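Trainee: mind folding the following:
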Amino acid sequence: MNQVINRVVGTSPQTASPFTLTLDLASNTLVDGTRGYFMIELASNKAIWANVVATFTTTGTLLAVNELEETSETDNSMPTFTGAVNIYSSVPTKQMSDAQEEGRDIIVVCGDGNGVGNNGTSLSTLGWSEVLDFVDASVLTLNLGSLIANAAHAGTDTNAEVTNKYLPAMEPLPHVNNAGLFPPANSVSFGPALGREYYHRRAWGRQTVLLPLGKTLASGFSTGEWTVTSGSMYIATQDAVNTALAENEYNKIAMIVISLGINDSVAAASGAFEAALDALVDKFRDDAFTGNTLQTDFSNVPVVVCGLPKDFITTNGAEATSIEAILAATPSRLRNIAFAEMDAGYLTDASDFYIDANAHREFAKVIYTAYTNTFTNVVVV
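Mentor: The predicted model follows:
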């Protein structure tokens, strides 16, 4: 990091990451793998810029963007530069901004049962763990219903006094549209773990808010639940996000995580899956949400699409294989999107539909890494 802070300056003819960098003669040289903060600005118009975390490779001549820290764009996206850029070392600029003290970053978790979570008591793991699944004061959930985790983590209680309140993100998360179909006792989802990854791995982190919008049963395009604009889960997500954005004019959607494909595979609906998935993302980025002072444009909001459990793909066969390929290829169809692939070692329940507690904790890290990749995917390949 010291190499970077000590004035790295250069230019690049590229308009998107990775940038081939020509270093200024007085600039430091960098070894492969050097990572730090950089300002990238359009040479012909310095009002178009992004402050990023990026990594040098190929002996300091290639700069690959890992994550976006701040930007000139109203939708908080990586600019699409129209010509040559200037690049120079920087610091996390949001730490210097008073305005960033206001508001919270929203992570939308929507989709099927793997978004809701599962336990591990019937598998080889123990499910919820007081040590591994600790509550973080900076990772919250906006409770849009009256459901809250009970002390034993064996289900949920109801308490009208917590409706529309920020609560610590504690398992099981209150997926208020899940019709009471919460996963078994001691369930764990990737949500809180992802929230902790997001907050603690970013030097400019604001309080993180999870919006839990998963549903265990009948959650797919083939059932109509996620069909735009009439699906009940689509409408529930639209309402929840708009509520969260309206709560504070400096709240923003940081990312949307979509976990779908299980029910569509079972329904042999792979033929319609790609168009429905792309339509959902497009709608989320078009006019589904009402902006506020900080976030007025959602056209490039980061989206992560989750892969299917490998055991499920093996069990289901051709339909799941086809849907997994569609999910994996989403970054080639849409910009600012990344694919989070599930590991072949993840254990699943008896149905092979849902990954266990340990897998959810590990998958949260995969989703976070995928999120950072959305800032490199600024053009469709």
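Trainee: what residues sit buried inside stretch 273-288?
Mentor: Using 16 or more other C-beta atoms under 10 Å as the test for burial, stretch 273-288 gives 273-274, 276-277, 279-281, 284-285, 288. The C-beta positions use only the backbone N, C-alpha and C, and glycine is treated the same way.
Trainee: I meant to write stretch 145-157 there.
Mentor: 145-149, 153, 155-156.
Trainee: how far out from the middle of the chain is that stretch?
Mentor: Relative to its chain's centre, stretch 145-157 lies at 25 Å (C-alpha atoms, centre = their mean, to the nearest Å).
Trainee: how about stretch 364-373?
Mentor: Per C-alpha atoms, centre = their mean, the centroid offset for stretch 364-373 relative to its chain is 7 Å.
Trainee: how about stretch 50-61?
Mentor: On C-alpha atoms, centre = their mean, the centre of stretch 50-61 falls 22 Å from that of its chain.
Trainee: please flag which of the buried residues of stretch 273-288 sit within helices.
Mentor: Using DSSP state H, the members of the buried residues of stretch 273-288 that fall within helices are 273-274, 276-277, 279-281, 284-285.
Trainee: any chance of those residues in a markdown table, plus pLDDT?
Mentor: Below are these laid out as a markdown table (pLDDT from 0 to 100):
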| residue | pLDDT |
| --- | --- |
| Phe273 | 98 |
| Glu274 | 98 |
| Ala276 | 98 |
| Leu277 | 98 |
| Ala279 | 98 |
| Leu280 | 98 |
| Val281 | 98 |
| Phe284 | 98 |
| Arg285 | 97 |
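Trainee: check the secondary structure at the residue most central in space within the chain for me.
Mentor: Closest to where the C-alpha atoms of the chain average out (C-alpha atoms, centre = their mean) is Met255, at 4.2 Å. Here Met255 is recorded as strand under DSSP: H, G, I helix; E, B strand; the rest coil.
Trainee: cool, Ile106 as well?
Mentor: Under three-state DSSP, Ile106 falls in the strand class.
Trainee: and it, how far is that from Trp204?
Mentor: 16 Å (C-beta to C-beta, to the nearest Å).
Trainee: state the number of residues packed around Ala350.
Mentor: Using other C-beta atoms under 10 Å, Ala350 has 8 other residues around it.
Trainee: okay, it: pLDDT?
Mentor: Note on Ala350: pLDDT of 85.
Trainee: just the one 5 residues further on next, same as before
Mentor: What the model reports as pLDDT for Ile355 is 94.
Trainee: got it, and Met233?
Mentor: Looking at Met233, its pLDDT is 95.
Trainee: helix, strand, or coil at the residue nearest to it when sequence neighbours are not counted?
Mentor: Sequence neighbours aside, Glu225 is the residue nearest to Met233 in space, at 4.3 Å (criterion: C-beta to C-beta, 6 or more residues apart in numbering). Classification of Glu225 using three-state DSSP returns coil.
Trainee: re earlier: closest to Ala244 out of the ones in helices among the buried residues of stretch 273-288?
Mentor: Using C-beta to C-beta, Phe284 is the member of those that lies nearest Ala244, at 13.6 Å.
Trainee: my guess is that closest one contacts Ile256. True?
Mentor: Yes. Using C-beta atoms under 8 Å, Phe284 is in contact with Ile256, at 6.1 Å.
Trainee: list the contacts of stretch 165-172.
Mentor: Applying C-beta atoms under 8 Å, 6 or more residues apart in numbering, the contact partners of stretch 165-172 are 116-117, 128, 133, 135-137, 139-143, 148-149, 153, 155-156, 182-183, 186-189, 191-192, 195, 209-210.
Trainee: stretch 139-147 too?
Mentor: So stretch 139-147 is in contact with 104, 156-160, 162-169, 173-174, 176, 191-192, 195-196, 199, 207-212, 240, 243-244, 247, going by C-beta under 8 Å, 6+ apart.
Trainee: the strands in the stretch 251-381 of the chain, which residues?
Mentor: 252-259, 303-306, 337-340 (DSSP state E, counting those that start in this stretch).
Trainee: so what are the sheet partners of the last one and their directions?
Mentor: Using DSSP bridges, the strands paired with strand 337-340 in its sheet are strand 303-306 (parallel).
Trainee: just the strands in the stretch 1-150 of the chain please.
Mentor: 9-12, 19-20, 22-23, 35-42, 45-57, 62-71, 85-89, 105-111, 139-143, 147-149.
Trainee: list buried residues within the contacts of stretch 165-172.
Mentor: 116-117, 128, 133, 136, 139-143, 148-149, 153, 155-156, 182-183, 186-189, 191-192, 195, 209-210.
Trainee: ok so, going back, how close does the residue nearest to Met233 sit to Ile355?
Mentor: Looking at Glu225 against Ile355, where the rule is C-beta to C-beta, the gap reads 21 Å.
Trainee: okay, these two: which has more neighbours?
Mentor: Neighbour totals were compared for Glu225 and Ile355, and Ile355 leads with 31 against 22 (other C-beta under 10 Å).
Trainee: spatially nearest residue to the more buried one, not counting backbone neighbours?
Mentor: Residue nearest to Ile355 in three dimensions, not counting chain neighbours: Tyr346, with 4.6 Å by C-beta to C-beta, 6+ apart.
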